[in-house]
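Colleague: Can you look at this prediction? I've put the sequence above it.
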Amino acid sequence: MATLQFTVQHTDSSTRARAGIITTDHGDIETPIFMPVGTVGSVKAVTQQQLTTDVQAQIILGNTYHLYLRPGLDTLEAAGGLHRFNGWPRPILTDSGGYQVFSLAGTRKIKEEGVTFQSHIDGSKHLFTPEKVMDIQRSIGGDIIMAFDECPPYPSDYTYARKSMELTHRWLDRCIRQFNSTPDRYGYTQNLFPIVQGSTYKDLRTASAQYIASKNAPGNAIGGLSVGEPTAMMYEFTELCCDILPANKPRYLMGVGTPWNILEGIALGVDMFDCVMPTRNGRNAMLFTSKGVINIDNKKWEKDFSPVDDAIGSAMSSYYSKAYLRHLIKSKEILGLTIASVHNLAFYLWLVKEARQHIQAGTFNGWKNDMVQVLQQRL
């Protein structure tokens, strides 16, 4: 058992992009990386076998709020943790549930102690404290577990954003104390990542990034972006945080985003990304492809028998035609949701792998600038 290690293997000369490798007890992760979101222990409509073979995912996410409520810790502990429960052999990152709890604006109350909230399942009342969230994530069994933070909405006034950031920092100190005083579960090392907050205020973001960097954690996350602020502002504050967070630790931009957001994030120095967009948009007929964005509902694809996308190396994307996938989606066939989800995830993993190869080859910036234009086209 060893603490997570990160090695930067290549850096791009004209951007902050880098290619590296994260080493965990459940295997290596080549960065930059996209992490499919498996909120309740399942990436929606996609099997673990498909994640391994077709998507080629190297790490997936689980969510503390949802897994705590169902199936519950008794079941997860009896199984031997989430890896054994869902049969996923590679690394898992668990997010703290903070974002989910704070999105329950009508049914939650934030105090110094923690957050009280009502379950969306049965209305039962619960309290999440930094200490409890550490214990829950230990029980779930993530290789990487996230600190409990408050994610302020956009826009937030300065006073609220500052108080929220200061609360996040106090909660982080409590997370670290609890984490350090409890053992790893299930025979492998668990690693705690703190989260930068501070809304869209430069002085707050700077202070928060400095505070998070001072904790010398195995990796660091940037939270509270992609919550409604303009895209240019998201890039500005990502860059600010990356400039401060240590270069020898992985940087994780939470909840981002579109394929072009990810490419710009890589250029700013981000190593890890997650987002529900590839699966959620896939289930709603939007496909991301190497040539641009497709709304597969459109009649123009009705008799297009070419593959969904034969450039990305996904068997499913090469095997099924646009016309057939459109037919399935129109017919509300479950298989259509699976094909669209697997395709979009495979595309995202292909994209970050391509980015990695261009960083290694010294051709990243020109490729990135061209790809950002191509990927945003509506086909």
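Modeller: That came through, no problem. Computed from a prediction, not measured in an experiment: that's the story for all the values here.
Colleague: what pLDDT, on average, does stretch 293-301 get?
Modeller: The average pLDDT for stretch 293-301 rounds to 98.
Colleague: What distance separates the opening and closing residues of it?
Modeller: 13 Å (CA to CA, to the nearest Å).
Colleague: Just the buried residues of that stretch, please?
Modeller: Going by neighbour count (16 or more other CB atoms under 10 Å), the buried part of stretch 293-301 is Val293, Ile294, Asn295, Ile296, Trp301. Bear in mind the C-beta positions are built from the backbone N, C-alpha and C, glycine included.
Colleague: Could you do stretch 72-85 as well?
Modeller: Leu76, Glu77, Gly81, Leu82, His83, Phe85.
Colleague: Just put the residues you listed in a markdown table and tack on pLDDT and secondary structure.
Modeller: Listed next are the buried residues of stretch 72-85 as a markdown table, based on pLDDT from 0 to 100; DSSP: H, G, I helix; E, B strand; the rest coil:
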| residue | pLDDT | secondary structure |
| --- | --- | --- |
| Leu76 | 98 | helix |
| Glu77 | 98 | helix |
| Gly81 | 98 | coil |
| Leu82 | 98 | helix |
| His83 | 98 | helix |
| Phe85 | 98 | helix |
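Colleague: List the contacts of the spatially most central residue of the chain.
Modeller: Nearest residue to the geometric centre of the chain (CA atoms, centre = their mean): Asp274, 2.0 Å. Contacts for Asp274 (CB atoms under 8 Å, 6 or more residues apart in numbering) come out as Phe34, Met35, Pro36, Val37, Leu61, Leu93, Tyr252, Met254, Gly255, Val256.
Colleague: what's the nearest residue to the residue of the chain most remote from its centre if we skip its chain neighbours?
Modeller: Centroid-distance maximum for the chain: Lys303 at 35.7 Å, with CA atoms, centre = their mean. In space, and not counting its chain neighbours, Lys303 is closest to Ala323: 5.7 Å by CB to CB, 6 or more residues apart in numbering.
Colleague: That neighbour and Trp301: what is the separation?
Modeller: 6 Å (CB to CB, to the nearest Å).
Colleague: about what we covered before: show me what contacts the nearest residue to the residue nearest to the centre of the chain once chain neighbours are set aside?
Modeller: Counting by CB to CB, 6+ apart, Asp274 lies nearest to Met35, which is 4.3 Å off, once chain neighbours are set aside. For Met35, the contacting residues are Ala57, Ile59, Ile60, Leu61, Leu93, Met272, Phe273, Asp274, by CB under 8 Å, 6+ apart.
Colleague: tell me which residues of the helix-or-strand element of the chain with minimal mean pLDDT are tucked away?
Modeller: Ranked by mean pLDDT, DSSP states H and E, the helix or strand of the chain with the weakest confidence is helix 98-103, at a mean of 81. By 16+ other CB under 10 Å, the buried positions in helix 98-103 come out as Gly98, Tyr99, Gln100, Val101, Phe102.
Colleague: who's in contact with it?
Modeller: 63, 65-66, 108, 110, 115, 117, 128, 133, 146, 148-151, 223, 254-255.
Colleague: Mind doing that once more with 10 Å?
Modeller: With CB atoms under 10 Å, 6 or more residues apart in numbering as the test, helix 98-103 has contacts from 39, 63-66, 69, 107-108, 110, 114-117, 120, 126, 128, 130, 133, 146-153, 164, 168, 171, 195, 197, 223-224, 227, 254-255.
Colleague: CA atoms only: put it into CSV for me.
Modeller: The C-alpha coordinates for helix 98-103 follow below in CSV (Å, rounded to 0.1, in the frame of the first residue of the first chain):
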residue,chain,number,x,y,z
GLY,A,98,-21.3,18.5,-1.0
TYR,A,99,-22.5,19.5,-4.4
GLN,A,100,-25.6,17.3,-4.2
VAL,A,101,-26.4,18.4,-0.7
PHE,A,102,-26.1,22.1,-1.6
SER,A,103,-28.2,21.6,-4.7
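Colleague: And the first helix or strand past that helix going along the chain, what does it pack against?
Modeller: Next helix or strand after helix 98-103 toward the C-terminus (DSSP states H and E): strand 108-110. Other elements packing on strand 108-110 under the criterion 3 or more CB pairs under 10 Å, 6 or more residues apart in numbering; DSSP states H and E are helix 98-103, strand 115-118, strand 125-128.
Colleague: okay but Gly142 is in contact with Pro91, surely?
Modeller: Yes: between Gly142 and Pro91 there is a contact at 8.4 Å, judged by CB atoms under 10 Å.
Colleague: Give the intersection of the neighbour lists for these two.
Modeller: His26, Ile59, His83, Asn191.
Colleague: how about the residues you listed, which pair is most distant?
Modeller: Spatial extent of those (CB to CB) is set by the pair His83 and Asn191 at 14.8 Å.
Colleague: can you tell me how far the residue lying closest to Asp12 once chain neighbours are set aside sits from Glu239?
Modeller: Leaving aside its sequence neighbours, Asp12 sits nearest to Phe364 (CB to CB, 6+ apart; 4.5 Å). Phe364 sits 16 Å away from Glu239, going by CB to CB.
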